[in-house]
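Undergrad: Everything below, folded, please.
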Amino acid sequence: MNLQKLIIALFFVVIYSSASAQYNTMKEWYIGPTGGATMSTITLIPKYVDKVYTFRKTMGISTRYISEKHFGFQIDLNYYESGWKEDVSGLGQTSYIRNLNFIEAPFLMHAFTTAGSTRFFINLGPKFSYLLSENENLIDQSSTNSFLEHGKLVEHPFQYGLLGGIGFEVHVKRNVLGIEGRYCYTLSDLYDNAIGDDFATSSLQSVSLNLYYYFQIQK
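TA: The predicted structure follows:
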């Protein structure tokens, strides 16, 4: 799959940037907490019922290194809540909820442009995550609301995908306050997808909006 090759290539580009940083002219290190809201759902094929986005939260810590005038790299370690809802009636009424809680580590290339004390940026790179826990809530217990994913535990806790983000931040001396919107295209499946298995595709899709505070520890 071409996207899988791309995510591997991006990972090695980030690692190469880190290894070669000692030869670069700029040297800015930042670290700080991040947190925000997530919106996620799942793509299940075959699709038996409408899937609805669920809103949850994320929090963690982020480290960024600026090695060039408009370029750097960033590594995050986050607790990330995901999952999906279902609407068996098609009338906007939730009939089922699945909650999935992950620990995730995005490895991102960071490109930015500066306007005064404000920086506008794009982040792009691979994201790896591992399922910590899961739970479900079957709200509608009628016979018409019984599908294969109900009661079926995740079979592949290790997940990976391609993450992109865009945002801006304000620098005041050594303090940085920023906001970023992110989208993750997941390349892995939650369930087995071989011939004869329940689902051919079972991939999560997620969007998040994060606020963060950095403190510059070296310049």
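Undergrad: those helices in this structure, which residues are they?
TA: If DSSP state H is used as the criterion, the helices of the chain fall at 2-19.
Undergrad: Please work out which helix or strand belonging to it has the smallest mean pLDDT.
TA: Across the helices and strands of the chain, mean pLDDT, DSSP states H and E gives its lowest value to helix 2-19, namely a mean of 55.
Undergrad: Could you measure from the residue nearest to A111 when sequence neighbours are not counted over to G165?
TA: Taking C-beta to C-beta, 6 or more residues apart in numbering, and ignoring the residues beside it in sequence, A111 has I122 as its nearest neighbour in space, at 5.1 Å. Bear in mind the C-beta positions are built from the backbone N, C-alpha and C, glycine included. Using C-beta to C-beta, to the nearest Å, one gets 7 Å for the distance from I122 to G165.
Undergrad: List the beta-bridge partners for the residue nearest to A111.
TA: With DSSP bridges applied, the residues forming beta bridges to I122 are A111, I166.
Undergrad: Contacts only, for it.
TA: With contact set as C-beta atoms under 8 Å, 6 or more residues apart in numbering, I122 has these partners: H110, A111, F112, G164, G165, I166.
Undergrad: now swap in I103 and tell me
TA: With contact taken as C-beta under 8 Å, 6+ apart, I103 is in contact with L77, N78, Y79, Y80, S129, Y130, L132.
Undergrad: Show me just the buried residues among the residues you listed.
TA: The neighbour count (16 or more other C-beta atoms under 10 Å) marks N78, Y80, S129 as buried among these.
Undergrad: what's the closest of the residues you listed to F55?
TA: Using C-beta to C-beta, Y80 is the member of these that lies nearest F55, at 13.1 Å.
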